[in-house]
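Visitor: Quick one, structure for this:
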Amino acid sequence: MSLNTTAVRIKVILKDVKPEVMRCLVVPLTLRLDRLHLTLQAAFGWTNSHLFEFLAGEGRWGIPDPDGDFGPQPIDARKARLSDIVHETGAKTIHYLYDFGDSWDHVIKLEKWFDDTPTEGLPFLLQAAGRCPPEDVGGAPGYAEYLDALRDPTHPEHEHMRLWGPEHFDPNVIDSKALEAAVNALSEIWKPRRRVTRSK
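Guide: Coordinates of the predicted model:
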């Protein structure tokens with residue numbers, strides 16, 4: 001990675017989940033970590049209703065607890081950028097943990113660096129595979145049980161799970177256009193505003 005690197009292609013896989021849930025995006029290297037969190041929420045289809053942390057090397061980045069009751073605090077994700085993780089840890093793989101109860105572990109691989117690339121229009125979703133599990137399903141083990149119950153009409157939890165989760169849930173079917181639109185909406189919100197100079 002050179003000093004001119006402006007963007008990076010990342011491949012993000014939801015760990016321990018079958019069928020595979022994967023997203024490939026291009027993001028600015030200077031993207032703040034709280035915004036990277038929102039980007040991943042949009043790309044996967046999560047609802048942004050739980051806490052999160054990024055983990056690399058010995059470092060943790062998230063939203064510090066204002067009361068500070070839960071041990072060592074993470075570095076504030078609102079004041080750190082993806083480039084900070086890369087420079088401070090040298091990591092090529094970063095973990096994004098979402099929902100400390102369900103513990104969804106997203107493995108982020110930094111795949112390709114882009115030098116002197118305009119970052120307008122970023123973040124951008126390149127590819128998506130696999131539907132995001134429903135929120136609060138119980139993490140990877142709970143999701144596996146949920147899918148087992150859905151697939152088997154004789155399963156004792158079949159009717160309950162069918163009514164509890166999204167209608168006609170299919171883990172292999174995703175609405176790529178909706179995910180792309182959600183990510184594009186963020187790039188639109190975050191694009192730098194042009195200063196208007198008034199003539200005298």
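Visitor: ok, G45 to Y98 distance?
Guide: The gap separating G45 from Y98 is 12 Å, by Cβ to Cβ, to the nearest Å. From N, CA and C alone the C-beta is placed, and that goes for glycine too.
Visitor: So these two - more neighbours on which side?
Guide: Neighbours per residue (other Cβ atoms under 10 Å) separate G45 from Y98, with Y98 holding more: 22 against 19.
Visitor: so that one sits right up against H106, yeah?
Guide: Yes. Here Y98 reaches H106: they are 6.8 Å apart, a contact under Cβ atoms under 8 Å.
Visitor: where do the contact lists of the two overlap?
Guide: Common neighbours of Y98 and H106, using Cβ atoms under 8 Å, 6 or more residues apart in numbering, are L40.
Visitor: Can you tell me the centre-most residue of the protein?
Guide: Centroid-nearest residue in the chain, with Cα atoms, centre = their mean: L40, separated by 2.2 Å.
Visitor: could you list every residue that touches it?
Guide: Residues in contact with L40 (Cβ under 8 Å, 6+ apart) are V12, R23, W46, Y96, Y98, H106.
Visitor: Mind doing that once more with 7 Å?
Guide: For L40, the contacting residues are V12, Y96, H106, by Cβ atoms under 7 Å, 6 or more residues apart in numbering.
Visitor: for P133, same thing?
Guide: V17, Y143.
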